[in-house]
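> Need a 3D model of the sequence below.
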Amino acid sequence: MIRIEEPWAAVRAPITGDAPAKAAGEPAAAAAHSPGPKVKQRKFANGDRYIGGWQNGLPEGEGKYEWSDGSSYEGGWKAGAKHGVGRYIWNSGAGYQGEWQSGCMHGVGAFEAPDGSKYQGGWKDDLKHGLGKKVYANGDTYEGLWAQGKPDGPGRYIWVDYNEYDGEWRQGRMSGQGTFVWKTGERYDGEWKDGQEDGVGVFTFRDGSTYSGFWRSGKKHGVGIYRPGLSASKSGTAASDSKRSIGASTTSGGNRPAFADTAAAAAALPDEAAAEYLQQQRTAQNGRSSAQKAATDAAAVQGAAQQPATQQQGQPEQPSQQPQQQQPPADSILVKEYREGKLVRQFPLKTQMLAQVYSALDGPAAASARTSGSGDRTASSSGKNVAVTPLGEMVYKQRSAYELLQQLQLGIRWSVASRALRDSQTTSDPGDLDAEDFTATPKQDFPRSGSRVTPVHPAEDFVWKDYAPAVFRFLRHLSGTHPSAYVASLCSDQSLRLLACPGGRSGAMFYATADERYIVKTVTKSEARLLMQLLPSYMQHVVQQPGTLVTKFHGLHRIEPMQGNRRKVRFVVMSNTLCTGLPIHKRFDLKGSTAGRSTPAEAAEANRQLVLKDLDLHHCYKLQDGISGRLKAQIVADTAFLCAAGIMDYSLLLGVHHKQPQQQQQQQNGDGRSFALHD
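Numbering: from 1, shown residues only. Got it, this is the predicted structure:
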C-alpha cells in the first residue's frame, strides 16, 4: 500500500476574526457597507505580520501573511481564508504554488517537499486528487489519477531501476487490469488485487514463452496454458534491451515507498520461470548425449538464478521432484494445473490439434483468411466492417474490439492527461487559438514495451493520431468538462463497454462509458475529414449558442497498427445527449419525414430501449411555460448552422421521462398530455 508522507501535520487553519492577536490600538473593523478591501499593514502581538487587502477585520483580496515561525503565504484571500491562487512556504522548506479554496489546497498546484520529492497536479481539501504526477525522493515516478491523496484509477508507476507498472489502482494498490514489466524483459498482463496478481493473466518469459491462466494472491492457481517461445525471445529481448538503454545501470535506493518493493516482488515468478526454462532445454536436447544434457541443465539453472529478485512462493518446481514421465514434443503446448503456486499436473496439447480446433470453429474460408491475411480484404469487399467470431468476439476491420478499446484508452490518457500536466493553463478564450490549432495532427508511437513518454501496455504496437487537440480541449472546457473527470470516465478499468447492437447501416461500432456521459463511435475517413473542415464554424456556433442541441464533440482520434497491413480506425468522442439523472422511458429519432419512419410494433414491445421514429410518435406533448419558445429558437439556430454547413442528414433525438408511474400507463392509453424538458 502506498503511503504518502507529507512534511506537515496539517495546513494552517483559516484566519478568523479573533485568531490573530490584534495589535495595540488597532481601529475597529470596517463597516459592513465598505465598498471594498483596503490595503492594510498589520503586526500582531504573537509576532505574525500581514500586509494586503483588509475588510471587515479579515484579510481580503491579495495579501501576504508571515507567521512568526518562518512560514509565509502570499496570494488571494477571502473572508480570512486562503482562496484563489497563492504560494505557501513552510518553515521546513516545503512549498506549494497553486489554487486554494476556503483555506485548503484545492484545484491545480505544485508541491515540493524538503526531501526533494515533487508533485504537480490536482488537489482537493489538502489531498492530491485528480490528474497528477509525483517524483519521489529516490527517483520513482507516478503519473495518473489520484483520490484522497493516493493513486486511484489509471496510472503509470516507474521505479528508479526501470521496472514499470501501468494500469488500474485502488487506494494506492495495483487493483484491476494492469501490466507489469521488469527491466530484464519478463512481463505480466492481467488482473490485480491488493498489489498482487489475482484473476486471469498472461506471464511472458524472456524467451517469448507465455503462461496464460488464473492467479490467486500472487500465485498461479487453477488451469492454464503454457506456450513455448518458438521465436527464441525476439520480442522479449527487444523489450528488455530497450529498457536497459534508457537508464544504464542505475540501481534503486533512497526511501523507496514500502509498497513499491512489495509490488515488484509479488509479481515475478522466478522459481517457476527457472523450472519452465529448464524443461524447455531438456526437451530441445532429446537427441543429445547424457553428458551434453548435464552441461545444458547446469547452464540453465545458472541462468535462472539471474531472474529478478522476488518474494518466495513455495518450493521451486524442480524437475527432479516430478514423477518420471515422457517429455512432450518441442512444439507442444502444455495444459497445466496449479494449486497455490505448485504444479499439480500437466499434459501436452499439440499445435496441430489447436489448428484443427480453429478450423472446426471458423470453417475453411476463415482458416484460409487466417493464413493468407486476406480477412480484411474480404470484409471490405462485402461492405461490412463489424463482424462477430464464432466465439462471440466483436471484430472491427480485422481488429479485436477489446484491443481497440485498450488502445483508445491509452491514447486518450496520453492526449488529455499528459497535456493537462504539461500545460496547466487551459485556453478559455477562442481568440487564443491559432489557425494552426485547427489543422494540427500530432502523432505518437505506442510500443508494447513502453517508452519515455508512453506506458507499457498489453495491446499490439500502434500509432496514435490526435486531431486538433487544442481546439477539442477548449471545447471540453467550454462544456465544463474537467480533464480528470474526462479521463476517469473514459479510461478507468471497465469504464467503456461495447454496445450490444453496433453497426447499423453505417457499419460503425459504438462504445459507451459506464457513467453514460460519453459515446465513442468509429467514423470513416470522409466523416473525420468533414468534422475537421467544420471545426472552426462548429466552435464558433458552440461559443455563440451555449444551449445548442447540436452534438457536443470532445475529441477525434485515429489508431494505426505499427506493423501489418490492417486498416486505420478513427474514433470520435461525443456527449451522450440523454445522459440525465432521470430514467428515460421512451426515445425518438425524429427527422421530420414519413418515408420508412416507423418501428415494427413487435420489436418496440420486445425492447423498451429501442429508439422509435416519427410515425411512432402518437402524442402531443405540452412543454412547461417558457421552455417552448427557447426550444424553438434553439432549433432554428441549430438548423441554420447545419444548413450553412451543407448537412442534410440530421435528426432530433427526443427522450421522454414520465414523472409518475401512472402517467406511463396514461401515455400508452393515449391520455397523457404533459412532458417536461429537463436541462
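
> low-confidence ranges in the chain?
Residue ranges of the chain with pLDDT under 70: 1-36, 230-331, 350-399, 421-431, 500-506, 661-679.

> I'd like to know how many residues surround the spatially closest residue to residue 131 that is not a sequence neighbour.
Take residue 131 and drop its neighbours on the chain: the residue closest to it by Cβ to Cβ, 6 or more residues apart in numbering is residue 484, 4.7 Å away. C-beta: built from backbone N, CA, C; applies to glycine. By other Cβ atoms under 10 Å, the residues close to residue 484 number 23.

> for residue 484, helix, strand, or coil?
helix (DSSP: H, G, I helix; E, B strand; the rest coil).

> any idea how far residue 150 is from it?
Distance of residue 484 to residue 150, given as Cβ to Cβ, to the nearest Å: 15 Å.

> just residue 493 next, same as before
For residue 493, the distance to residue 150 equals 16 Å [Cβ to Cβ].

> The residue nearest to residue 131 touches residue 145, doesn't it?
Yes: Residue 484 lies in contact with residue 145 (Cβ atoms under 8 Å); the separation is 6.6 Å.

> shared neighbours, those two?
Common contacts of residue 484 and residue 145 (Cβ atoms under 8 Å, 6 or more residues apart in numbering): 130-131.

> So which residues of the stretch 51-200 of the chain form strands?
Along the stretch 51-200 of the chain, counting by DSSP state E, counting those that start in this stretch, strands occupy 58-66, 72-78, 81-89, 95-101, 104-112, 118-124, 127-135, 141-147, 150-158, 164-170, 173-181, 187-193, 196-204.

> The stretch 451-600 of the chain too?
Going by DSSP E, counting those that start in this stretch, the stretch 451-600 of the chain shows strands at 462-466, 496-498, 510-513, 518-523, 553-561, 569-575, 586-590.

> Give the other helices and strands that the first one contacts.
Contacts of strand 462-466 with other secondary structure elements, assessed using 3 or more Cβ pairs under 8 Å, 6 or more residues apart in numbering; DSSP states H and E, are made with helix 401-412, strand 443-446, strand 553-561.

> Need the nearest residue in space to residue 336, chain neighbours excluded.
Using Cβ to Cβ, 6+ apart and skipping residues adjacent in sequence, the residue nearest residue 336 is residue 346, 4.4 Å away.

> Where does the one you found sit: helix, strand or coil?
In three-state terms, and counting by three-state DSSP, residue 346 is strand.

> which residues does residue 51 contact?
39-42, 63-64.

> Try it again at 10 Å.
By Cβ atoms under 10 Å, 6 or more residues apart in numbering, the contact set of residue 51 is 39-43, 59, 62-66, 74.

> Residue 405 now?
394, 459, 495-498, 509, 511, 520.

> so how far is residue 164 from it?
Separation of residue 405 from residue 164 (Cβ to Cβ): 22 Å.

> and residue 56, how many neighbours?
Neighbour count of residue 56, defined by other Cβ under 10 Å: 14.

> distance of it from residue 84?
18 Å.

> swap in residue 93?
Residue 93 is 24 Å from residue 84, where distance means Cβ to Cβ.

> got it, and residue 51?
17 Å.

> sorry, back to before: want to try CSV for the helices and strands packed on strand 462-466, with distance to residue 608 as columns?
As requested, the helices and strands packed on strand 462-466 are exported to CSV (distance: least, Cβ to Cβ, whole Å):
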stretch, distance to residue 608
helix 401-412, 26
strand 443-446, 41
strand 553-561, 29
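
> re earlier: and which of the contacts of residue 51 is nearest to residue 541?
residue 62 (38.0 Å; Cβ to Cβ).

> Now, of the contacts of residue 405, which are buried?
Among the contacts of residue 405, those classed as buried by 16 or more other Cβ atoms under 10 Å are 394, 459, 495-496, 498, 509, 511, 520.

> and these as CSV, adding distance to residue 563?
Below are those laid out as CSV (distance: Cβ to Cβ, whole Å):
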residue, distance to residue 563
394, 22
459, 13
495, 28
496, 25
498, 25
509, 22
511, 25
520, 25
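
> Closest one to residue 605 out of the residues you listed, please.
Nearest to residue 605 out of these is residue 498 (Cβ to Cβ; 25.6 Å).

> What residue, apart from its backbone neighbours, is nearest that closest one spatially?
Distances taken as Cβ to Cβ, 6+ apart place residue 401 nearest to residue 498, at 5.4 Å, with adjacent residues excluded.

> ok, now residue 656?
Spatial nearest neighbour of residue 656, chain neighbours left out: residue 586 (4.2 Å); criterion: Cβ to Cβ, 6+ apart.

> okay, now that neighbour: neighbour count?
Per other Cβ under 10 Å, the neighbour tally for residue 586 reads 20.

> So it is in contact with residue 610, correct?
Yes: Residue 586 lies in contact with residue 610 (Cβ atoms under 10 Å); the separation is 9.4 Å.
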